[in-house]
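Participant: no letters, just coordinates:
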Ligand SMILES: CC(C)(COP(=O)(O)OP(=O)(O)OC[C@H]1O[C@@H](n2cnc3c(N)ncnc32)[C@H](O)[C@@H]1OP(=O)(O)O)[C@@H](O)C(=O)NCCC(=O)NCCS
């Protein structure tokens, strides 16, 4: 029986952490690996909320570190599922850093994670469809297919010639240029 579709907002997870000395490098900045650990947890909980299943991380896209997060900053992670496929779910995660005493806050990172829902034996299992509601959710939903194709091509799980959605971006651009 098909699972009942769920809204993107039902998978929202907001996680708050305080950067402590044990989380930092020798410059007193948050270690990249520690941040990725928190991102993996917040995104994984979000995928669990959507699927009501055990989930495993299949991939994480493009995490770049542009501005350091410092000792004593408060880090807020905001994650939600933006599209589901058969057993996999794409989660969009944003990270904000805040220094409460100085009143400064900035958006430090965003990334897409893919989680796969599995049964007790680790075998992929179907997840509910996702319903996007807001304009942002609809935009993220629409872009998810080409992001999925790109990551599957890079992981050598899809032949480039099968990535039709991805190809259509370049083909459309070429047509636009020719016109
Ligand atoms: C992810 C995993 C469950 C996929 O299992 P599999 O037997 O290869 O299953 P399939 O080929 O049927 O793929 C299942 C889903 O995973 C997705 N997937 C597999 N590899 C992927 C990747 N690198 N990036 C994104 N999605 C991926 C597939 O697209 C498919 O999605 P769909 O069902 O929505 O179409 C398996 O590779 C695994 O257990 N990996 C280790 C996970 C883990 O331990 N993570 C912690 C990091 S150390």
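Facilitator: Perfect, I can see it now. It should be emphasised that the depicted structure is a prediction, and the values quoted were computed from it without experimental measurement.

Participant: and residue 163, what is it in contact with?
Facilitator: By C-beta atoms under 8 Å, 6 or more residues apart in numbering, the residues touching residue 163 are 146, 149, 150, 152, 153. Bear in mind the C-beta positions are built from the backbone N, C-alpha and C, glycine included.

Participant: quick one: it and residue 61, what's the gap?
Facilitator: 15 Å (C-beta to C-beta, to the nearest Å).

Participant: coming back round to it: I'd like the contacts of residue 163 as JSON lines, with distance to the ligand appended.
Facilitator: Below are those laid out as JSON lines (distance: C-beta to the nearest ligand atom, whole Å):
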{"residue": "146", "distance to the ligand": "13"}
{"residue": "149", "distance to the ligand": "10"}
{"residue": "150", "distance to the ligand": "10"}
{"residue": "152", "distance to the ligand": "6"}
{"residue": "153", "distance to the ligand": "10"}
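
Participant: and the average pLDDT for stretch 79-94 is what?
Facilitator: Averaging pLDDT along stretch 79-94 yields 98.

Participant: again, but for stretch 121-128
Facilitator: Mean predicted confidence for stretch 121-128 is 97.

Participant: could you do stretch 160-179 as well?
Facilitator: pLDDT averaged over stretch 160-179 gives 74.

Participant: cool, and stretch 46-62?
Facilitator: 96.

Participant: quick check, distance from the biggest strand by length in the chain to the centre of its chain.
Facilitator: Ranked by number of residues, the top strand in the chain under DSSP state E is strand 104-118. Chain-centre distance of strand 104-118: 4 Å, with C-alpha atoms, centre = their mean, to the nearest Å.

Participant: just checking, what packs against that strand?
Facilitator: helix 32-51, strand 54-61, strand 74-84, strand 88-99, helix 135-154 (3 or more C-beta pairs under 8 Å, 6 or more residues apart in numbering; DSSP states H and E).

Participant: picking that back up, adding pLDDT and neighbour count, write the contacts of residue 163 out as CSV.
Facilitator: Listed next are the contacts of residue 163 as CSV, based on pLDDT from 0 to 100; neighbours: other C-beta atoms under 10 Å:
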residue, pLDDT, neighbour count
146, 93, 16
149, 95, 18
150, 94, 17
152, 96, 19
153, 94, 16
